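Asker: I would like to see how this sequence folds:
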Amino acid sequence: MVSVAMDGAEARARAADFLGATYSQDFNPLVDRVAVAGTLERVVEGLVDFVRAGARHLVLLPCHDRAQKGALEGVPWLPELLAGVRSEASSFRGS
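Answerer: Alright, predicted model coming up:
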């Protein structure tokens, strides 16, 4: 689960709200364990950490407004996020 915003606290809150509504519980104390949330740079860094640890496939669930569920228009940062992860991961993939 990923959430991106200009303000890291806002991204974290969005992720907690999204997950809380999805699973009917308070995710504030858990959000950092189950989601990568923050600025675009922070989320790219977090996902690249998974790749460095050995992940070869990432399945991303953008935490965004449930009213726009399934609509990629609700996650305008997704293309830039994917490009950043691909760029960073390619630098060490061969090593």
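
Asker: make it CA atoms for all contacts and neighbour counts henceforth
Answerer: Noted.

Asker: Give me the mean pLDDT for the longest helix that the chain contains.
Answerer: Counting by DSSP state H, the longest helix found in the chain is helix 8-23. For helix 8-23, mean pLDDT is 94.

Asker: helices or strands up against that helix?
Answerer: strand 2-4, helix 31-34, strand 36-38 (3 or more CA pairs under 8 Å, 6 or more residues apart in numbering; DSSP states H and E).

Asker: Sticking with residue 58, tell me its helix or strand.
Answerer: Assignment of secondary structure by DSSP states H and E places residue 58 within no helix or strand.

Asker: quick one: low-confidence ranges for the protein?
Answerer: Residue ranges of the chain with pLDDT under 70: 65-75, 92-95.

Asker: same thing but at 80, please
Answerer: Applying pLDDT under 80 to the chain flags residues 64-76, 89-95.

Asker: tell me, what residue is most central in it?
Answerer: Centroid-nearest residue in the chain, with CA atoms, centre = their mean: residue 2, separated by 1.8 Å.

Asker: so that residue makes contact with residue 34?
Answerer: No: with contact defined as CA atoms under 8 Å, residue 2 and residue 34 do not form a contacting pair (9.1 Å).

Asker: and residue 80, how many neighbours does it have?
Answerer: The tally of other residues near residue 80 (other CA atoms under 10 Å) stands at 13.
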